[in-house]
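**Student:** Here is a sequence together with a model predicted from it:
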Amino acid sequence: MDALPRTLTVLGVSGEKLLDAAKVSSLSELQELTRARFGAHKCRFLTSEGKCLQDWEGVADGATLTAVALGLNPLLQMVGLEDKDGCPVDDKVPLEEMERIALEIAIDLANIGCFFGGPGHLCGHPPTFWRWDDILPAPPHFQKDDFSMKVMKVREATEVVHTGAEVVFTSEEGSLVPNTLVNFTVEKPVTVQDMIGFRRQHQAACRTKVSELLATRQGADTVDAKISLKEYTKERVCFELGYHVYNEETEGFWM
């Protein structure tokens, strides 16, 4: 049976009317109507008693509700623990726990992004594995592989650093190569393809010092740029730039 419509008034936190005696038939419709007026991706509704509205049965006809805008969480969005509207995959799991899991996934992705497409990456799409079934179900980003393991396969378009984070590049201690990469705040998610571009830019810087670098190791004939993850938090992601000096015939990745 269809839910009975309610006539509702919705206020913003400053008291402004967002909806005035509007007829609404479901909580999802209320979200859509309020979102359109509020300009928010998602809202939480508070009753006149200050309690959070949990379901449509808790809405009384003629009630006045207060809408509180909820922002998107770029870290949770990137790894699939929050949908495009800001809804978590499991709203019973505390935000702190969700963010802890999201950071672990993001660290896996960033570490893969550091070597993807470089020396030692044979081919294909390296996976990161879902390890938290005891806490919450795997999001759609993770699919079962041929061995029934839940994995996310990393590709060039895979996002590895979330919007809003500060990306910082440092050099290995004692590096002879200038750091030509510029720190920045992420305006759109950094992808694996972007990481490949960072490594190529650092490889170009290594070429400017190739004679000096080869002279540091007897018999060396090859210099490969490398990038590694040093820190990953919600606010800051730090990559360290270095290089590998070696003899390709005797020490190459294909030996």
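**Tutor:** Received the coordinates, thanks. None of these values were measured; they are calculated from a predicted model. Numbers count the residues shown, from 1 in each chain.
**Student:** correct me, but H244 touches K226?
**Tutor:** Yes - if you go by CB atoms under 8 Å, H244 and K226 touch, sitting 5.7 Å apart. From N, CA and C alone the C-beta is placed, and that goes for glycine too.
**Student:** Can you tell me which residue is spatially central in the protein?
**Tutor:** Relative to the mean C-alpha position of the chain, the nearest C-alpha, by CA atoms, centre = their mean, is the one of M78, at 3.0 Å.
**Student:** Next one: that residue relative to F38, how far apart?
**Tutor:** In this view, M78 and F38 are 24 Å apart by CB to CB, to the nearest Å.
**Student:** And for D133?
**Tutor:** From D133 over to F38 the distance is 36 Å, taken as CB to CB.
**Student:** So if I had to pick from these two, which one is more boxed in?
**Tutor:** When D133 is set against F38 and neighbours are counted by other CB atoms under 10 Å, the residue ahead is F38, at 19 against 9.
**Student:** From T66, how far out is the more buried one?
**Tutor:** Counting by CB to CB, the gap from F38 to T66 is 11 Å.
**Student:** overlap in contacts of these two?
**Tutor:** Shared contacts of F38 and T66, defined by CB atoms under 8 Å, 6 or more residues apart in numbering, are found at G12.
**Student:** OK, contacts around L18?
**Tutor:** Contacts of L18 were listed using CB under 8 Å, 6+ apart, and they are V10, L11, G12, T34, R37, F38, A67.
**Student:** where's the first one, which helix or strand?
**Tutor:** Taking DSSP states H and E as the criterion, the element that holds V10 is strand 6-11.
**Student:** same check, this time on the fourth one
**Tutor:** For T34, the host element (DSSP H and E) is helix 27-38.
**Student:** May I see the buried residues of that helix?
**Tutor:** For helix 27-38, burial by neighbour count (16 or more other CB atoms under 10 Å) applies to L27, L30, Q31, L33, T34, R35, R37, F38.
**Student:** how about the nearest residue to the residue nearest to the centre of the chain, chain neighbours excluded?
**Tutor:** Of all residues not flanking M78 in the chain, H162 sits nearest, at 4.4 Å (CB to CB, 6 or more residues apart in numbering).
**Student:** picking that back up, greatest separation within the buried residues of helix 27-38: which pair is it?
**Tutor:** By the measure CB to CB, L27 and R37 form the most distant pair in these, at 16.0 Å.
**Student:** Tell me where this structure has helices.
**Tutor:** 27-38, 74-79, 95-115, 192-207, 210-214, 248-251 (DSSP state H).
**Student:** and the second one, what other elements does it pack with?
**Tutor:** Contact partners of helix 74-79 among helices and strands, from 3 or more CB pairs under 8 Å, 6 or more residues apart in numbering; DSSP states H and E: helix 95-115.
**Student:** Not counting its own residues, what contacts the helix it packs on?
**Tutor:** Taking contacts as CB under 8 Å, 6+ apart, the residues outside helix 95-115 that touch it are 73, 75-76, 78-79, 81-82, 88, 90, 121, 126, 128, 131-132, 135-136, 152, 154, 158-162, 190-192, 195, 199, 226-229, 232-234, 237, 239.
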